[in-house]
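In: sequence and predicted structure below; questions after.
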Amino acid sequence: MKTPDRNELLRKLLDAPENKLATVAAILDGAEAPKDIRLLTPAKAAGRLGFKRWTLWHCIKNGSIKSVQVASGNPQKPYRTMIPAWALEEYAAGVMA
């Protein structure tokens with residue numbers, strides 16, 4: 001990721017809404033950045049990691065990547081497996097370390 005230019009960063013801070021400024025201030029004061037709570041389908045999660053879905057399922061099965069079960073409303077498939085975005089970030093950080 002490219003480090004933003006100081007002027008560009010200041011411009012973004014000046015244009016940011018209040019809730020974003022509070023988050024930035026907390027992070028600058030040493031707080032941990034909030035986790036990304038979006039849920040991704042296995043296909044999208046695999047695509048983000050550059051994996052095939054088959055490889056992603058093996059990572060879920062062996063515990064390398066966390067997944068959650070979400071009620072689908074379909075009686076034949078009562079739940080659907082989703083992957084939290086924060087789980088992908090944790091996996092990628094562990095692989096890169």
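Out: Now that the structure is in, tell me what you want to look at. Numbering: from 1, shown residues only.

In: quick one, strands of the protein?
Out: For the chain, the strands defined by DSSP state E cover 39-40, 68-74, 77-84.

In: so which of those comes closest to Lys61?
Out: strand 77-84 (10.9 Å; C-beta to C-beta). Where C-beta positions appear, they are placed from N, C-alpha and C, glycine not excepted.

In: re earlier: tabulate the strands of the chain (TSV), appending distance to Leu13, mean neighbour count and mean pLDDT.
Out: As requested, the strands of the chain are arranged in TSV below (distance: least, C-beta to C-beta, whole Å; neighbours: other C-beta atoms under 10 Å; pLDDT from 0 to 100):
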stretch	distance to Leu13	mean neighbour count	mean pLDDT
strand 39-40	29	18	94
strand 68-74	34	10	88
strand 77-84	28	15	92
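
In: can you report how many residues lie near Tyr91?
Out: The tally of other residues near Tyr91 (other C-beta atoms under 10 Å) stands at 18.

In: apologies, that question was intended for Leu56.
Out: Leu56: 24 neighbours (other C-beta under 10 Å).

In: surely it meets Ile65?
Out: Yes - using C-beta atoms under 8 Å, Leu56 makes contact with Ile65 at a distance of 6.9 Å.
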